[in-house]
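Asker: attaching a predicted model along with its sequence, questions to come.
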Amino acid sequence: MKNKLKIILLICSCSFLQGSCQQKNTAQMNKFEWLPTETAPKNYPVYLYKAYFTAEDNSYIRIPDKRTVYYGWGEIGSIHISGDDYKAVPKKMNLIWLAYTENKYYKAEVELPYKKIDSLFQLELKDPKTKNIQHFDYISVGIAPGGMITLWMIGTAYQIEIGTYYGTKTEVDFKEMIPTTNLSEKEFINSTLKDEVSDTVLKEIKTGNIPFDRWKNYGKKYNWKIVLSHKEEFVPGQAKITMVNGEQDVQYFDNDIKPILESWALPSSTRIQWQDKNGNLFAAKLLFDEQETTKAFKTLLTENNKEVVLKAHIGTFNDTIKTTLSNNGNEIELTKTQIKVYSKTD
């Protein structure tokens with residue numbers, strides 16, 4: 001039911017935001033068409049009790065709260081289509097939440113990089129599918145174990161981290177937080193963990209094994225790029241890269257358009273496109289194994305070898321792909337990469 005509700009909300013928001021986000025200047029204050037959303041890593045849910053932004057004009061912009069959040073790191077969560085279409089740039093964020101896996105409450109009052117957010121809203125982005133100009137549509141609030149908070153700005157094909165912050169432990173009256181439940185605090189937490197956490201992760205949590213540094217480490221950036229190769233003549237198109245830290249960028253192989261990020265975190269997945277010698281269009285989705293990719297990067301990146309190339313080797317008939325990571329003649333095949341190839345008829 002929760003997933004169905006999320007899908008419905010997302011459909012509504014997509015319809016609502018079909019047009020590109022335009023800037024609106026009101027009394028010397030920039031306003032933009034955007035929506036707040038929230039998320040948390042899968043298997044590490046939180047109950048977001050109170051959440052809102054405060055804008056430059058002292059208006060309050062509510063972040064969807066009063067709910068359990070678990071959608072996945074960097075994902076779009078719930079959407080509230082309410083209030084003015086054009087909203088001021090947020091300058092402050094206030095949150096109170098329950099971390100189920102830690103059985104702890106956190107609060108945060110964060111000053112946001114207002115000028116950075118304002119400039120990103122004004123940035124023109126090229127939609128890799130339609131080639132139309134798009135803008136950032138969402139500000140997503142991600143909450144990870146240990147009181148960690150990461151904010152992203154999200155557009156059609158791009159996602160940029162605004163910053164990472166930390167809340168502090170606090171106390172909350174459970175019955176005040178969820179007055180409608182007949183369960184005790186302990187029963188409520190255990191019930192949610194059973195529903196939203198896999199058995200494997202739940203066993204680790206019960207032994208006190210929570211990877212607090214995982215999401216912090218995701219933010220480490222590297223100097224790398226994607227290259228396509230083919231057994232035959234072909235025209236490489238583009239690669240949309242999703243990274244472990246939740247960011248997304250697009251690499252165009254014709255070099256006319258540069259990526260918006262100067263460096264990237266480790267790749268989580270990528271969607272590549274190309275055209276074969278007969279003019280047929282193809283695409284492929286590559287899903288990387290996190291442990292394998294992390295080990296390969298650490299092996300190749302030394303003080304003397306600071307740049308690596310992630311190469312997708314496309315087979316003669318466009319139906320197979322091998323992925324490797326290499327630099328200075330050293331190469332590691334990423335054998336655990338999950339690959340699915342699509343033709344223009346798919």
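Answerer: In hand now; what should we look at?
Asker: and this structure, what are its domain boundaries?
Answerer: Here the domain parsing of the chain from automatic domain parsing is 2-215, 220-343.
Asker: weakest of the ones you listed by average pLDDT?
Answerer: Taking each of the domains of the chain in turn, the lowest mean pLDDT turns up on domain 2-215, with a mean of 88.
Asker: turn the domains of the chain into a markdown table, columns for mean neighbour count.
Answerer: Heads up, the C-betas are built off the backbone N, CA and C, glycines and all. Below are the domains of the chain laid out as a markdown table (neighbours: other Cβ atoms under 10 Å):
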| stretch | mean neighbour count |
| --- | --- |
| domain 2-215 | 17 |
| domain 220-343 | 16 |
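Asker: where do the strands sit along the stretch 151-300 of the chain?
Answerer: For the stretch 151-300 of the chain, the strands defined by DSSP state E, counting those that start in this stretch occupy 159-166, 168-170, 224-230, 234-243, 248-252, 267-276, 281-287.
Asker: who's in contact with the closest residue to residue 292 other than its chain neighbours?
Answerer: Excluding its sequence neighbours, the residue lying closest to residue 292 (Cβ to Cβ, 6 or more residues apart in numbering) is residue 336, at 4.7 Å. Under the criterion of Cβ atoms under 8 Å, 6 or more residues apart in numbering, the neighbours of residue 336 are 288, 289, 292.
Asker: narrow those residues to those in helices?
Answerer: residue 292 (DSSP state H).
Asker: can you give me the helices in this structure?
Answerer: In the chain, the helices defined using DSSP H lie at 2-16, 114-122, 174-177, 185-196, 199-206, 214-218, 290-300.
Asker: can you lay out the ones you listed as a markdown table showing distance to residue 262?
Answerer: Converted to a markdown table, the helices of the chain look like this (distance: least, Cβ to Cβ, whole Å):
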| stretch | distance to residue 262 |
| --- | --- |
| helix 2-16 | 30 |
| helix 114-122 | 14 |
| helix 174-177 | 42 |
| helix 185-196 | 36 |
| helix 199-206 | 34 |
| helix 214-218 | 17 |
| helix 290-300 | 17 |
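Asker: out of the ones you listed, which comes closest to residue 83?
Answerer: Nearest of those to residue 83, taken as Cβ to Cβ: helix 2-16 at 12.3 Å.
Asker: which ones are touching the nearest residue to residue 218 once chain neighbours are set aside?
Answerer: Excluding the flanking residues, the one nearest residue 218 by Cβ to Cβ, 6+ apart is residue 245, at 4.1 Å. Applying Cβ under 8 Å, 6+ apart to residue 245 gives the contacts 73, 74, 150, 161, 215, 218, 219, 265.
Asker: repeat the analysis, applying 10 Å as the threshold.
Answerer: 73-74, 142, 150, 152, 159, 161, 164, 215-221, 264-266, 268 (Cβ atoms under 10 Å, 6 or more residues apart in numbering).
Asker: what about it, distance to residue 220?
Answerer: Per Cβ to Cβ, to the nearest Å, residue 245 is found 8 Å from residue 220.
Asker: what of residue 331?
Answerer: Shown here: residue 331 relative to residue 220, a distance of 22 Å by Cβ to Cβ.
Asker: ditto for residue 182
Answerer: 45 Å.
Asker: repeat for residue 202
Answerer: From residue 202 to residue 220 the distance is 28 Å (Cβ to Cβ).
Asker: mind listing the residues bridging to the residue nearest to residue 226 when sequence neighbours are not counted?
Answerer: Spatial nearest neighbour of residue 226, chain neighbours left out: residue 239 (4.6 Å); criterion: Cβ to Cβ, 6+ apart. For residue 239, the beta-bridge partners are residue 251, residue 272 (DSSP bridges).
Asker: doesn't residue 250 make contact with residue 239?
Answerer: Yes: at 7.1 Å, residue 239 counts as touching residue 250 under the criterion of Cβ atoms under 10 Å.
Asker: between those two, which contacts overlap?
Answerer: By Cβ under 10 Å, 6+ apart, the residues touching both residue 239 and residue 250 are 128, 259, 270, 271.
Asker: need the max-distance pair from these.
Answerer: Maximum distance among the shared contacts of residue 239 and residue 250 (Cβ to Cβ): 14.6 Å, for 259 and 271.
Asker: centroid-nearest residue for the chain?
Answerer: What sits nearest the mean C-alpha location of the chain, by Cα atoms, centre = their mean, is residue 74, with 2.4 Å.
Asker: can you give me phi and psi for that residue?
Answerer: Dihedral angles of residue 74 (phi, psi; degrees, to the nearest 10) stand at phi 90, psi 0.
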